[in-house]
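K.L.:
how would this look folded up:
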Amino acid sequence: MSKALGLMSGGLDSTLAAMTLMRQGIEVTGISFVTPFFGAGKARAAAQAIGFPLIVKEISDVHLEMVKNPKYGYGRNMNPCIDCHAMMFRLAGEIMENEGFDFLFSGEVLGQRPMSQNPNALRSVAKYCGYPDRVLRPLSAKIMPITSMEEAGLVDRERLLDIQGRSRRRQQALAIEWGFPNFPSSGGGCLLTEVGFSNRLRDLLRHSPNASVKDTELLKVGRQFRISPKVKLILGRNQQDNERLEELAEPCLMQLRCSNFNGPLGLLCGQADETELQTAAAILAAYGKGKDEQQVEVLFCRQEEEFTLTVTPLPHSQSRGMILS
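P.N.:
Numbering: from 1, shown residues only. Coordinates of the predicted model:
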């Protein structure tokens, strides 16, 4: 029995690719990578529903460095899909060699995404990952050049599929036909494909090229204001955001909140001067219970440092242009 290791987002296509191989007796294992931009939750659910083992591997640091400077560039937003898929195949390939798998596979469909799943892009991914002869796309294999795995008899080409294009109607029909009516939605929920998150990430990398993984985690939280090229303010929208900001706050970052009114926790990223501190305090005051007061006292804390500023809440109309969205 041949053994295959597959990239699993947990979406419909990757799940169906695994089922396609399992239906011809191939031993399938999935692998799901975790970064600040996507997780393994949907892949875990798919593996449990279909019944195959899943490897989960955290790759945040190496993935972020690739995102900063992708060889093949970005898609519509900050999604470097070709580089990302090649990296995941490369990392999966190392496991394939160490643990005795015969080949790699994914749920990619020819023509489904014009930029990253056209013939040239799929060839580039296979070549760039370092395993050009050991990558199989079961959903489109019958309309792609035959692979060495098929020639060697590890996979029955006639039982692979010939799906192409952007519609997922055929995948949905097959999932129902194969006894999997509660199939997952498409895709793995990558934040890099989302406009709002991409705008925040683009701003971060423009002003902080050496940004860390924790910096990218902060992009997911609350309202974010670009006060100056070197200073950004993050405000919690609710108690959950406030707690998350406290978890992520580095000791070197300034925290601020209203002294006498309930309101958001603020986190100041960068070394702010007096004017920028005043602006940050005025923005924060406008989102608390004291937003209609003439003056609000704002408390600043950082390690052993603590001080207050008294400010007039800044109208939202004046801070709206600073919001990263």
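
K.L.:
Contacts only, for the residue nearest in space to the middle of the chain.
P.N.:
When C-alpha atoms, centre = their mean is applied to the chain, the residue found nearest the centroid is Phe37 (1.9 Å). Residues near Phe37 by C-beta atoms under 8 Å, 6 or more residues apart in numbering: His63, Val67, Cys190, Leu191, Leu192, Thr216. For every residue, glycine as well, the C-beta is placed using N, CA and C.

K.L.:
go again using 7 Å as the cut-off
P.N.:
By C-beta atoms under 7 Å, 6 or more residues apart in numbering, Phe37 lies in contact with Cys190, Leu191, Leu192.

K.L.:
When you filter the residues you listed down to buried only, what's left?
P.N.:
Neighbour counting with 16 or more other C-beta atoms under 10 Å marks Cys190, Leu191, Leu192 as buried within the contacts of Phe37.

K.L.:
Which of those fall in helices?
P.N.:
Members of the buried ones among the contacts of Phe37 lying in helices (criterion: DSSP state H): none.

K.L.:
What segments of the stretch 1-150 of the chain are strands?
P.N.:
Ranges of strands in the stretch 1-150 of the chain, per DSSP state E, counting those that start in this stretch, are 3-7, 27-34, 54-58, 103-105, 135-136.

K.L.:
Next, format those strands as CSV and append mean neighbour count and distance to Leu268.
P.N.:
Listed next are the strands of the stretch 1-150 of the chain as CSV, based on neighbours: other C-beta atoms under 10 Å; distance: least, C-beta to C-beta, whole Å:
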stretch, mean neighbour count, distance to Leu268
strand 3-7, 23, 39
strand 27-34, 22, 29
strand 54-58, 16, 29
strand 103-105, 27, 45
strand 135-136, 26, 46
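
K.L.:
Nearest to Leu154, out of those strands?
P.N.:
strand 103-105 (6.6 Å; C-beta to C-beta).

K.L.:
who touches that closest one?
P.N.:
4-6, 17, 21, 89, 92-93, 96, 131, 134-138, 149, 154.

K.L.:
Pull out the buried members of those residues.
P.N.:
For those, a burial check counting by 16+ other C-beta under 10 Å picks out 4-6, 17, 21, 89, 92-93, 96, 131, 134-138, 149, 154.

K.L.:
Just send the strands of the stretch 1-150 of the chain back as a markdown table, with distance to Arg44 and mean pLDDT too.
P.N.:
A markdown table is the format used below for the strands of the stretch 1-150 of the chain (distance: least, C-beta to C-beta, whole Å; pLDDT from 0 to 100):
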| stretch | distance to Arg44 | mean pLDDT |
| --- | --- | --- |
| strand 3-7 | 14 | 98 |
| strand 27-34 | 7 | 98 |
| strand 54-58 | 6 | 98 |
| strand 103-105 | 19 | 98 |
| strand 135-136 | 23 | 98 |
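
K.L.:
Of the contacts of Phe37, which one scores lowest on pLDDT?
P.N.:
Scanning these for pLDDT, the low point is Cys190. It has 93.

K.L.:
From Glu250, how far out is it?
P.N.:
Per C-beta to C-beta, to the nearest Å, Cys190 is found 26 Å from Glu250.

K.L.:
again, but for Ala126
P.N.:
40 Å.

K.L.:
The two: who's more crowded?
P.N.:
Ala126 (21 against 12; other C-beta atoms under 10 Å).

K.L.:
my guess is the more buried one contacts Arg134, does it?
P.N.:
No. Taking contacts as C-beta atoms under 7 Å, Ala126 lies outside contact range of Arg134: 8.5 Å.

K.L.:
which outside residues touch the one helix or strand Phe225 maps to?
P.N.:
Element membership for Phe225 (DSSP states H and E) is strand 223-228. Identification of contacts with strand 223-228 by C-beta under 7 Å, 6+ apart yields 200, 203, 232-235, 237, 276, 279-280, 283, 319, 322-324.
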